[in-house]
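Enquirer: Okay, here's the prediction I keep looking at, along with the sequence it came from:
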Amino acid sequence: MKKTFHSIKNLILFDFKKLIIIEIAIRLFGFLILYPLIQLGLFLSIRLSGYYYISNQNLIEYLTKPTTILLIILIIIIFSIYIFIEYVFLATFFNFAYHKQKLSFKELFFISFQKILNLLKRYHIVIILPILLFFLLLEYGQIALFSSTIKLPGNLIEQIGSLNYFTIYFSIFFGLLIIFFLEFIFMVHELILQGGKIRNAFISSKSILKSNRFKILFKYILINIFFNLLMLIIYTGLIFIISLFIGLFHGQEIVFGLMITSMYSIYWILALIFSIIILPLNLALISTQYFKYKNISEGTDKVENYKLNSLRWMIKPIIIIFIILFSINVLSIIKSVRTAYNEIQFLKQEEIIAHRGASNDAPENTLTAINLAVEQGSDAIEFDIRGTKDNIPVLMHDDTINRTTNSSIPYKVENLSYQELLQYDAGSWFSSEYSNEPIPSLEQVLDSTKGKATLFIDMKTTNQLVEAEIIRLLAEYDMIDEVKILSFDINQLYRFKGYNDKIETILLLSSYYGNISYLFKDDNINHFALRISVIKSNPNLINLIHSNNKNAYAWVADDEDAIYTGMETDVDGFITKRPNIAREIAYSKNTTDDFKRFLETLFKP
């Protein structure tokens, strides 16, 4: 085993810098070309299946539609070709590395590309399928590690459970995957490096495996266990380091909420980095075993010569094809980023919107509450706006100031100038700790939060001069894209769309009578925010809103019952004065109970 590790190290380190650049280039190619194509394919399959969006409730039905199956097969073919390209590049690279020959990027590209064309032309799916199955087996460790921490929704588990013998079929598939890997992987290597007939390559593979099957399998399992353990150790270390910094700078009470939010993002970033290593590592193992059992001496024979001049005709077509695909896919990326509604709702995470700032921990509608909501990691911050006598937008929920200031007289906000409002304390009513907290203006909030969180501006005034001032401030601070306007008044939302059609609007619904389905089709209303009581009595409203490609938010979700109601009905976000608690509950829904308890033991004060 020591010799095997030494051989793998020699192959990888022979021209390590070039190897890393190749892997990064292939990942970038996948992100810029493959990912958008797959995304477009998924969205097309949703449209063809007759659904407007996919949630946990309709996932199984969607997957069993004939159009979905056909498009999934097409996506698998595209992805398989991508993995095949990477495999050929790496096998070619390691072949030259074993013979101590360094290639320029140009030489490696043209030699590998010629091999890819010849292999596809001659062997078709016979060469691609084993490589795809090898990749699935390769990723099994990371998938198993990830899946051990997530919990599928109950209704989805029931649907999977209804599929007879699912576990048995999966176990048989995995067993066949291992057998297929062993029997065919050296055949693929033989075809890439030597060519020839498939039958001869298979016979050559059988001769390599003779009496060596379990030895090779043991090496493969050992290396991948070590690799995944290393990833787990680094992941755990990162989690602890990040939680330590959060605790030091933001307080221990918010560590658990932020960690359960970010741990999967950290995992996928780390998995992406490790993916640059895992395939080369395993292919280096296969290459060393292939050379060893084929009795090919290291660094002696010169590898085949390729006439690069004969391949120069490919340069311009490749560049043109790449530019066309790149341009199309960049446009699709921009379009998907600008689309507010996510059509795929499977295992989604709801937005956490701090109601009047972090109003459970600080006085509502103050800069302190808003900045605290940012520190607590809220996705968005909701606050109320009224207009002063001199038409300055200020943060205040009630039409009078006596409930949330030190004023004993119920002065109306609209009857006081902004300077007059500043003489009142908006914090001491909540706690003496917040004495001398001023009533903030909208401009102060924009200045404090730009680039930090989305703002949900709840309009408590219909004064059109105040509306115009809001639009002016949003334009001045270049924050049109960072704000959503909320109102019970549909005509007010129409006016805001008239001021600037790019601004997103949300209609608030606390109750209703009659048929409101026509509202969901109104282009001037981008989304809806429903009182939790409305959602409880009419859960199907969420599906109707989603079917029109709009988001549905729940307010006010301040207790566990309200949050669970929102999760069960598939809302897109919670407007809550307890963002920490809402985050913990919402983000725990996809986490197994054991893993959640483990995180609570580590991070909860």
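Expert: Alright, I've got the coordinates. Just so we're clear, the structure is a prediction, and the values are computed from it rather than from any experiment.
Enquirer: burial count for D361?
Expert: 20 (other Cβ atoms under 10 Å). Backbone N, C-alpha and C define where each C-beta goes, glycine included.
Enquirer: Equivalent analysis for G50, please.
Expert: So G50, with other Cβ under 10 Å, has 10 neighbours.
Enquirer: got a list of what the spatially closest residue to it that is not a sequence neighbour touches?
Expert: Nearest residue to G50 in three dimensions, chain neighbours excluded: K65, at 7.7 Å (Cβ to Cβ, 6 or more residues apart in numbering). K65 is in contact with S45, L48, S49, G50, counting by Cβ atoms under 8 Å, 6 or more residues apart in numbering.
Enquirer: of those, buried ones?
Expert: S45, S49 (16 or more other Cβ atoms under 10 Å).
Enquirer: In helices only, show me the contacts of K65.
Expert: In this view, those that belong to helices under DSSP state H are S45, L48, S49.
Enquirer: Quick check on E183: phi, psi?
Expert: Main-chain dihedrals, E183, degrees, to the nearest 10: phi -80, psi -30.
Enquirer: now it: how far from I203?
Expert: With distances taken as Cβ to Cβ, to the nearest Å, E183 is found 12 Å from I203.
Enquirer: can you check P410 too?
Expert: 94 Å.
Enquirer: And Q114, by the same measure?
Expert: Separation of Q114 from I203 (Cβ to Cβ) stands at 26 Å.
Enquirer: shaky segments in the stretch 301-450 of the chain?
Expert: The model of the stretch 301-450 of the chain has pLDDT under 70 over residues 301-348.
Enquirer: where along it do the strands fall?
Expert: Assigned by DSSP state E, counting those that start in this stretch, the strands in the stretch 301-450 of the chain fall at 351-355, 380-387, 393-395.
Enquirer: Show me what the first one is in contact with.
Expert: Pointing back at strand 351-355 there. Outside strand 351-355, the residues touching it (Cβ under 8 Å, 6+ apart) are 369-370, 373, 376-382, 456, 553, 555-556, 558, 572-577, 579, 582-583, 586.
Enquirer: Now list the buried members of these.
Expert: Looks like those have 369-370, 373, 376-382, 456, 553, 555-556, 558, 572-577, 579, 582-583, 586 buried, using 16+ other Cβ under 10 Å.
Enquirer: Now go through those residues and say which are in helices.
Expert: Going by DSSP H, the helices hold A369, I370, A373, P579, A582, R583, A586 from the buried ones among the contacts of strand 351-355.
Enquirer: related to what we said a few turns ago, quick check: the farthest pair among the contacts of K65?
Expert: Maximum pairwise distance among these (Cβ to Cβ): 10.7 Å, between S45 and G50.
Enquirer: shouldn't R583 be in contact with A373?
Expert: No. The pair R583 / A373 is not scored as a contact, 11.2 Å apart, by Cβ atoms under 8 Å.
Enquirer: Tell me where this protein has strands.
Expert: For the chain, the strands defined by DSSP state E occupy 351-355, 380-387, 393-395, 454-459, 483-487, 504-509, 527-531, 552-555, 573-576.
Enquirer: Comparing those, which comes out most buried?
Expert: Across the strands of the chain, the average number of neighbours (mean count of other Cβ atoms under 10 Å) peaks for strand 573-576, which reaches a mean of 29.
Enquirer: what does it contact?
Expert: Counting by Cβ under 8 Å, 6+ apart, 350-355, 379-380, 382, 456, 529, 551, 553-558, 562-563, 566, 582, 586 sit against strand 573-576.
Enquirer: Please apply the same query to stretch 367-378.
Expert: By Cβ under 8 Å, 6+ apart, stretch 367-378 touches 250, 254, 257-258, 261, 352-354, 356-359, 361-363, 381, 383, 427, 434, 437-438, 440, 444-445, 448-449, 452-453, 579-580, 583.
Enquirer: so can I have CSV of the ones in helices among the contacts of K65 showing pLDDT and distance to L19?
Expert: Shown next, in CSV, are the ones in helices among the contacts of K65 (pLDDT from 0 to 100; distance: Cβ to Cβ, whole Å):
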residue, pLDDT, distance to L19
S45, 80, 36
L48, 82, 41
S49, 79, 42
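Enquirer: How many neighbouring residues does the nearest residue to L119 once chain neighbours are set aside have?
Expert: In this structure, L119 finds its nearest non-sequential neighbour in I127, 5.1 Å apart by Cβ to Cβ, 6+ apart. The number of residues packed near I127 is 22, by other Cβ under 10 Å.
Enquirer: can I assume V534 is in contact with S510?
Expert: Yes. Using Cβ under 8 Å as the test, V534 is close enough to S510 to be in contact (7.0 Å).
Enquirer: So between the two, which is more surrounded?
Expert: Higher neighbour count among V534 and S510: V534, with 18 against 11, using other Cβ under 10 Å.
Enquirer: Which pLDDT value belongs to that one?
Expert: V534 carries a pLDDT value of 93.
Enquirer: before we move on, what about the one 3 residues further on?
Expert: Reported pLDDT at S537 in the predicted model: 90.
Enquirer: count of residues packed around it?
Expert: A count of neighbours around S537, defined by other Cβ under 10 Å, yields 10.
Enquirer: likewise K9?
Expert: 12.
Enquirer: Output the below-cut-off pLDDT ranges for this protein.
Expert: Residues of the chain that meet the cut-off, pLDDT under 70, sit at 52-58, 140-167, 170, 246-265, 298-348, 589-605.
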